[in-house]
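1. Compute the structure for the input listed below.
(3 chains)
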Amino acid sequence: MINSSLINSSLTQLSHMLASKQISSVEMTQSFLARIQQYNPTINAYIALDEEKTMAQAAAADARIAAGNAEPLTGIPFAQKDIFCAKGWKTTCGSKMLANFVAPYDAHVISQFDAAGAVNLGKTNMDEFAMGSSNETSYFGGVKNPWDFDRVPGGSSGGSAAAVAARLCAAATGTDTGGSIRQPASLCGFTGLKPTYGLVSRYGMIAFASSLDQAGPMAKSAEDCALMMNVMAGFDARDSTSLDRPKEDYTRGLNALSGDQPLKGLRIGLPKEYFAEGLDANVAKVVQDAIAEYRKLGAETVDISLPNSQLSIPVYYVLAPAEASSNLSRYDGVRYGHRAAEYDDLMDMYMKSRAEGFGAEVKRRILIGTYVLSAGYYDAYYLKAQQIRRLIAQDFTEAFKQCDIIMGPTAPSTAFKAGEKADDPVAMYLQDVYTIATNLAGLPGMSIPAGFAANSGDKTLPVGLQIIGNYFDEARMLDVAHAYQLTTDWHTQMPAGLE
Amino acid sequence: MEWEVVIGLETHTQLKTNTKIFSGASTTYGAEPNTQACEVSIALPGVLPVLNKQAVECAIQFGLAIDAEIAPRSVFARKNYFYPDLPKGYQISQYELPVVGKGKLTIQVPAGKHSEAYEKTIHITRAHLEEDAGKSVHGAVEGMSGIDLNRAGTPLLEIVTEPDMRSAAEAVAYAKKLHELVQWIGICDGNMQEGSFRCDVNVSVRPKGTEKLGTRREIKNLNSFKFMQQAIEYETQWQIDTLEDGGKIQQATVLFNPDTGETRAMRSKEEANDYRYFPDPDLLPLIVTEEDKARVKATMPELPEAMKARFEADYGLSAYDAAALTASRDMADYFVAAVQAGAEAKPAANWVMGTLSAKLNAEEKAIADSPVSAQQLAQLLKRIQDNTISNNAAKQVFEALWLAEGEVDEIIASKGLKQESDSGAIEAIIDGVLAANPAMVEEFKAGKEKAFNALVGQAMKASKGKANPAQVNEILKKKLT
Amino acid sequence: MALNIEDIKRIAHLARIEINEQEAASTLTKLSGILGLIEQMQAVNTEGIVPMSHSQDLAQRLREDVVTEVNQRETFQAIAPMTEHGLYLVPKVIE
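-> Modelled structure (predicted):
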């Protein structure tokens, strides 16, 4: 009875239910755990569950609610991507290397949720060290797309994505280095936001590519994302790249949208490069329809160009592996993590532990990164990529002189079949062709459900609309997304058979 | 063939901070293994570095002290290599853009067997901030090495010179001068046993008169000046012998064995180092403004060169004396304290460099631990000045002060060292001496100058050494003419 | 800049990842494909462009020199592969 209304409720509605004692956090949490019990063996969204810890948090939240000092997210159960260290929780980052790693400290994001009184349902599956766009590189196996179990949920935040889409949590966290929040949001049909680089502290978030990694919310709606941003964003002295800015209320504009044309005056830039060859025609149609809807809401559209955008993939596949090759050097089997059972000497211990602990894609990226940084190649690859990175960022600076917000597809296609691209890294990398540039520029980007498109099979699958904002323009992006979600219902749809 | 040795130094100075360069873990020396290895020190997944303000200020101080360019913008880079004492698999250092640029240090090279003492300017190429590695401990468990990460992340300033030195003596003089300077400005405790000041010495030789540098070998981790001298001398001779025997020098890292006095190459690395430096994305550029520099400068002590010039100008000390007194901050502080306590500068300088230094050396004590305080020495010098005691008596007082037998005036009184300055009393003594030694008087009058000294001696003896010798001289002269 | 099998072995060794002949060969194919993708960059004239390391042009913040960390050796070593006497153990390090 409670269940069906519960799982489709917004965070605000859940918060009201808790405040008005219609349900306790313990009951709410148990409902979600029951769903997880039922569906997770198939979907494989969660890779670590700890009922005792989860229920203790729920009980504490109930006490807090009873004491009258609840915050908006107090008592609500969230899923946490397994990239965030959570004290006492197994934190694997989807890797055999950390299969037995119990984090001895909390990531900043985890502390923020804890402080808000939120409940941690469990750690979600992900591509190993966040390297992937299908969740197929996880040591703990792939994740099923709740809309079609033959298909991938996208990645790297595939577990969180499936958990949100299958309603196995109220909402979830993700991280996005090249599209890892937005592409799964597109493939699984929900709302995901990658904030401006530096808004959410990276402390305790296991590093993939430090200058690109950014955590953000994955939820059913823009409104839910705004509430989560209020908890996740904020200055943290332990992260040198954390931005010291005044706290914002990301929900502040949501209720100010009114009238038939709430977005009157908004200039939406449409980059011609995002609608060119490589974009699936059915996906393009859905995106164009969504843009038409925005015109109805009062927005005007402007044709813009991001001339260097086709270079974002080459630049990314130099910079991200270079940083990763160095970030992953700490996994040497000395202080924690996997150590080979047998070895001859120190060198052999390193070579075997790392060969055994890392999967194929992670090794590939470490090798690429090692190569582009090695003597004689640095200037041609790394330095060059950093220079082009600036050109890519400047494209956006120019574009934002003509528009307030940029829209386009999030991913070039709908969810693809498991195994389809698993052995072709280059084809897989093209999944992030529209999302990577914002990471390189450090800009905020989000994906919202915009409809469904037919794919190779007979089913129709979710399509995401990408919204890119200027630096620190998250509140406006959320307003723009919310306006669309007030007049459409794509974001409320859920996969069949999981009710 | 005559050979010339070319030497450059890289010195790792451990900066005097409470915490590590990128985390709030303590840097106290000697703690139990890994008890000061926090989550950042052991490089847990997800941890991030934040730069220590004090470490930056130490670097700025050093830059100001060697008259160097301080980079308005410098960058931290990752130096990637695998080693068990390097938890992240990379060391955070500065590579292309160091915080301190070109500077210089003037050294005094002491006289040697074949050379006079001389001054020389050593050019410093750069100084950069970086983190120290941990330590490998051998022998705790059979066949294994133990890793202690307490030291991992300790802030270092690596100071690199141009290849400006041409002898072991110059290298040692530079190292000593640098060692003194970093302690003088308070950025390093200078403790070489604990590894706070470690030198790597690059040595190459070339035929005298040629320009092209020979292939260098780097002597790693020298932690005493004596070993440095020995190591360079051995290494230089080894390279010359090798070349003269028709051999070639291979670039190598060598270690000095103090037991044999020899250097030997480390087990050759399996591969050429490829450190894959790149800017650390976890850290932003370090910006140092003019205001930052001014603020740091205001907190710095007077530098040795400035103090030396001041000693010459204000106290009329010779350049040699002024240099000697400013060779160490403690000695300079002692001297200044003595002058401030009322001692005259010149005698104070003589006593500090003479009697006091000799005694300290003999007893292997540092001037900071001198049993005779600067105030006591000043009081002693005042008593010489006001003729209360003779120079000879002052030596006795000094010995007594060293043994903590009391204060200056107490010692003079208890030992009866006060000299006789009453001219009536001295006249009476002299009259007695003249009466008792008519033969000497006759000799003097006959032109024998020696007899005068003998009479002075007799008078001093009669006064039991307490008569003021100058007065004795004066009165005796009057009486005999 | 075409890769060869020796490059693969060299970088695998630099990265301390054991790799056998067969893996090296398949890695060569895949890495060559990725490098082909990357090669597109070389067509761009980047003369005079300042490399971009961070998305925000900001200065490093400095931390006060105050001890904030306490001894957590026991907690940290509970997850270590091999320790004794408070030390992390590794096969003998030879200099």
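
2. Every contact and neighbour count from this point should use C-alpha atoms.
-> Noted.

3. what about B:Pro371, how many neighbours?
-> Neighbour count of B:Pro371, defined by other C-alpha atoms under 10 Å in any protein chain shown: 15.

4. Oh, that last question was meant for B:Gly112, not what I typed.
-> Neighbour number of B:Gly112 under other C-alpha under 10 Å is 9.

5. Now do it against chain C, distance only.
-> Separation of B:Gly112 from chain C (C-alpha to the nearest C-alpha, to the nearest Å): 36 Å.

6. Residue 52 is in what secondary structure piece?
-> No chain specified, so I'll use chain A. According to DSSP states H and E, A:Glu52 maps onto helix A:51-67.

7. for A:Leu461, same thing?
-> Assigned by DSSP H and E, A:Leu461 falls within strand A:460-469.

8. who does that strand touch, helix- and strand-wise?
-> If contacts are counted by 3 or more C-alpha pairs under 8 Å, 6 or more residues apart in numbering or on different chains; DSSP states H and E, strand A:460-469 sits against helix A:182-188, helix A:281-296, strand A:405-409, strand A:445-454, helix A:474-487.

9. I'd like the distance from that strand to the chain centre, please.
-> 13 Å (C-alpha atoms, centre = their mean, to the nearest Å).

10. who does it pair up with?
-> The partner list of strand A:460-469 in its sheet, established with DSSP bridges, is strand A:405-409 (antiparallel), strand A:445-454 (antiparallel).

11. for the record, mean pLDDT for the last one?
-> Summarised as a single mean, pLDDT over strand A:445-454 is 96.

12. Pull the residues that contact stretch A:366-386.
-> Stretch A:366-386 has contacts (C-alpha atoms under 8 Å, 6 or more residues apart in numbering or on different chains) with A:314-316, A:318-326, A:328, B:274-278, C:8, C:11-12, C:14-15, C:31, C:41-42, C:46, C:51-53.

13. Which strand or helix spans residue 94?
-> Just going to use chain A. Counting by DSSP H and E, there is no helix or strand that carries A:Gly94.

14. Let me rephrase: I mean chain C.
-> Using DSSP H and E, C:Ile94 sits in no helix or strand.

15. same deal with B:Ala169?
-> Assigned by DSSP H and E, B:Ala169 belongs to helix B:168-184.

16. So which bits of the helix or strand following that helix are buried?
-> Using DSSP H and E, the helix or strand that follows helix B:168-184 towards the C-terminus is strand B:197-207. Within strand B:197-207, the residues scored as buried using 16 or more other C-alpha atoms under 10 Å in any protein chain shown are B:197-206.

17. rewinding a little: relative to strand B:197-207, how tilted is the helix holding B:Ala169?
-> 150 degrees (axes from the mean of the first three to the mean of the last three C-alpha atoms, to 10 degrees).

18. Need the residues that contact helix B:168-184.
-> By C-alpha under 8 Å, 6+ apart, helix B:168-184 touches B:7-9, B:62, B:105, B:107-110, B:122, B:165, B:188-190, B:197, B:199, B:225, B:228-229, B:232-233, B:301, B:303-304, B:327-329.

19. pLDDT weak spots in the chain?
-> In the absence of a named chain, this looks at chain A. Residues of chain A meeting the criterion pLDDT under 70: A:1-4, A:456-458.

20. other chain: chain B
-> For chain B (pLDDT under 70), the answer is B:267-272.

21. Report the residue ranges of every domain in it.
-> B:3-292, B:302-415, B:423-480 (automatic domain parsing).

22. most tightly surrounded among the ones you listed?
-> Ranked by mean neighbour count, the domains of chain B are led by domain B:3-292 with a mean of 20 (mean count of other C-alpha atoms under 10 Å in any protein chain shown).

23. Any residue of whichever helix or strand comes after the helix holding A:Glu52 touching chain B?
-> As assigned by DSSP H and E, the chain's next helix or strand after helix A:51-67 is strand A:77-81. No - on the criterion C-alpha under 8 Å from any C-alpha of the partner chain, strand A:77-81 is out of touch with chain B, staying 13.4 Å away.

24. C-terminal to strand A:77-81, what's the next element?
-> Heading C-terminal from strand A:77-81, the first helix or strand you meet, by DSSP H and E, is helix A:108-115.

25. who does whatever helix or strand comes next after that next one pair up with?
-> Moving toward the C-terminus from helix A:108-115, the next helix or strand (DSSP H and E) is strand A:119-124. Taking DSSP bridges as the criterion, strand A:119-124 pairs within the sheet with strand A:46-48 (antiparallel), strand A:77-81 (parallel).

26. Backbone dihedrals for the residue nearest to B:Ile287 when sequence neighbours are not counted, please?
-> In space, and not counting its chain neighbours, B:Ile287 is closest to B:Arg73: 4.6 Å by C-alpha to C-alpha, 6 or more residues apart in numbering or on different chains. Main-chain dihedrals, B:Arg73, degrees, to the nearest 10: phi -140, psi 120.
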